[in-house]
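Have a look; sequence and predicted model below, questions after that.
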Amino acid sequence: MTAADSTSPGNTSSSGEDSDCHNDDTPPDGGAPAWLCVLGAWCASFVSYGWINSIGTWQEYYQNGPLKAYSPSQISWITSLQVFFISFLGPVIGQVYDRGGMRYLIRVGSFMHVFGLMMASLSTEYYQILLSQGVCSSIGVAMVFVCAFSTISDWFLKRRGLAFGVLATGSSLGGVIFPIMTSNLIKTVGYGWTMRIDAFLIMALLVVSNLTVRSRRAPRPVKLNRESLARPFTELTFNLLVLGLFLMPFGMYVPITYLPVAAQGEGYVSSAMAINLVAFYNAASLFGRLGSGWLSDRYGKYNIYIICGYLSGILVLALWIPARTEAAAIAFALLFGLASGAYISLMGALVPCISPMEEIGYRNGITFLSSAIGGLITSPIAGVILVTPARWTGLKLFAGAFLLAGTTGVVFARVSRTGLKLNAIF
């Protein structure tokens, strides 16, 4: 019997507790070790996805500064690789994690993240920045984040949504602090020292992560074989979830990356306000991530994710496209940040609901990989769209359509488990 078959639609709880999220080895749902793990995971989230959430700042700086001789599409490969590696390496990192290699992964990842940024601070050429910030640092980010992300499920069940929500606020707060800090430091100390100061802050927080993030399960070496690798792909619910999470990044990363560039490019905000839009988005996203996590423990992880996903797509189509004033741009940044917070905070909570815990690292890795393609090529595609007559309107239509399509994939995953029961808490 597969994990997908272990609970039928008729067994779905209608109480405030997700029956499908139960596993034989019940997590403690609290205690000092559990919350210390959340603290360390929060720090890891701050310096990994929080760093990635500030890529719009670097896109704008490189585009108007040292790399202005290159096209936006070429520059976007630097920022796209940061998104891609955190997803592409997921299954490999997940397999090592499931076999008890978490401590080694987080240590090596911490070194690579900091070392890559230090090397970027010395870089002056496009290829140097691409290799240091786009490749080396990004591989380190992937190791750190996948470990922290997967460990939360070891410690929490009934409060899993809240725990993931707290973790996700780290990336949101990082996305607020890094853009403001970076843009101000560049003006005062220049590019090199700005990157070094960012790296020193990241290093300090990663020390906390290395001391507190740990798995509750003892290492259980499992022989790697074709059957174990293929098992998740034999389950309909998991495949539908992977499909939805594959489509979502094509829409999600357009506003995250191009929000300040679009506002300035369409001429309705100043350059200073364009940078602040990234901070507005991430500030609102902090509340969206924490709130969606808390609500998901009461009303179901899939239910809240679906509502937030559709709302994000509608906001892109109904508010971002017609935005022509500074007030409209700020309103979109705040509302989209609030609605899209569930994309990060609940993605990790969706997989454990339909998966055995001994495969959680690998299955989380698969979902990261499914989003890797979108993470890698969305910005280059956006660069191509921007040179067509449709320009910003075409790009926003592209983003909204994929957000709605990806959310629909998650709806199908829910229906495959619960049937058409709209009131099922799942």
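Looks like it arrived, so ask away.

Would you map the helices across the stretch 51-200 of the chain?
Taking DSSP state H, counting those that start in this stretch as the test, the helices found in the stretch 51-200 of the chain are 55-64, 72-88, 90-98, 102-121, 126-129, 137-155, 160-212.

Report the inter-axis angle for the longest one versus helix 55-64.
The reference is to helix 160-212. Helix 160-212 runs at 70 degrees relative to helix 55-64, counting by axes from the mean of the first three to the mean of the last three C-alpha atoms, to 10 degrees.

Any stretches of this structure with poor pLDDT?
1-25, 218-224, 375 (pLDDT under 70).

Tell me who's in contact with the most centrally placed residue in it.
By C-alpha atoms, centre = their mean, the chain has its centre lying nearest to residue 344, at 4.6 Å. Residues in contact with residue 344 (C-beta atoms under 8 Å, 6 or more residues apart in numbering) are 49, 168, 171, 172, 285, 289. C-betas here are computed from N, CA, C, even on glycine.

That one sits in which helix or strand?
helix 326-345 (DSSP states H and E).

same check, this time on residue 239
Counting by DSSP H and E, residue 239 is part of helix 236-265.

what's that helix packed up against?
With contacts taken as 3 or more C-beta pairs under 8 Å, 6 or more residues apart in numbering; DSSP states H and E, helix 236-265 sits against helix 55-64, helix 72-88, helix 271-299, helix 301-315, helix 326-345, helix 360-385, helix 391-418.

how about a cut-off of 7 Å?
If you count contacts as 3 or more C-beta pairs under 7 Å, 6 or more residues apart in numbering; DSSP states H and E, helix 236-265 packs onto helix 55-64, helix 271-299, helix 326-345, helix 360-385, helix 391-418.

Mind giving me the packing neighbours of the last one?
Contact partners of helix 391-418 among helices and strands, from 3+ C-beta pairs under 7 Å, 6+ apart: helix 236-265, helix 301-315, helix 360-385.

Which one of these lies nearest to residue 151?
helix 360-385 (9.1 Å; C-beta to C-beta).

For that closest one, buried residues please.
Neighbour counts over helix 360-385 (16 or more other C-beta atoms under 10 Å) mark 360-383, 385 as buried.

distance between that helix and the chain's centre?
10 Å (C-alpha atoms, centre = their mean, to the nearest Å).

again with stretch 381-388
24 Å.

Going forward, the N-terminal residue is numbered 35.
Let's use 35 as the start, then, which means that last one is stretch 415-422.

what does it contact?
Here stretch 415-422 makes contact (C-beta atoms under 7 Å, 6 or more residues apart in numbering) with 105, 106, 107, 110, 288, 292, 428, 429, 432.

For the last one, give me its contacts.
So that's residue 432. Residue 432 makes contact with 288, 419 under the criterion C-beta under 7 Å, 6+ apart.

ok, it to residue 347 distance?
11 Å (C-beta to C-beta, to the nearest Å).

for the second one, same thing?
With distances taken as C-beta to C-beta, residue 106 is found 24 Å from residue 347.

Just want to know which of the two has more residues nearby.
Under the criterion of other C-beta atoms under 10 Å, the comparison of residue 106 against residue 347 puts residue 347 first, with 25 against 21.

quick one: the more buried one and residue 339, what's the gap?
For residue 347 relative to residue 339 (C-beta to C-beta), the value is 13 Å.

Residue 173 now?
28 Å.

more neighbours, the two?
residue 339 (28 against 22).

Torsion angles phi and psi at the nearest residue to that one once chain neighbours are set aside?
The shortest distance from residue 339 to any non-neighbouring residue, by C-beta to C-beta, 6 or more residues apart in numbering, is to residue 380 (4.5 Å). The phi and psi values for residue 380, taken as degrees, to the nearest 10, are phi -100, psi -10.

One more: the one 10 residues further on?
Residue 390 adopts backbone torsions of phi -70, psi 140, taken as degrees, to the nearest 10.

Which residues are in contact with residue 413?
Residue 413 neighbours (C-beta under 7 Å, 6+ apart): 110, 113, 114, 287, 291.

Could you verify my assumption that the last one touches residue 113?
Yes - in this structure, residue 291 sits in contact with residue 113. The criterion is C-beta atoms under 7 Å, and the distance is 6.3 Å.

what residues are shared contacts of the two?
With C-beta under 7 Å, 6+ apart, residue 291 and residue 113 have common neighbours 89, 93, 413.

Let me have the residues you listed in JSON lines, extended by distance to residue 358.
Shown next, in JSON lines, are these (distance: C-beta to C-beta, whole Å):
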{"residue": "89", "distance to residue 358": "25"}
{"residue": "93", "distance to residue 358": "22"}
{"residue": "413", "distance to residue 358": "24"}
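
Pick the one among these closest to residue 369.
Nearest to residue 369 among the shared contacts of residue 291 and residue 113 is residue 89, at 20.8 Å by C-beta to C-beta.

Could you check how many residues crowd around that closest one?
So residue 89, with other C-beta under 10 Å, has 24 neighbours.

how much space between it and residue 159?
The value you get for residue 89 to residue 159, if C-beta to C-beta is used, is 20 Å.
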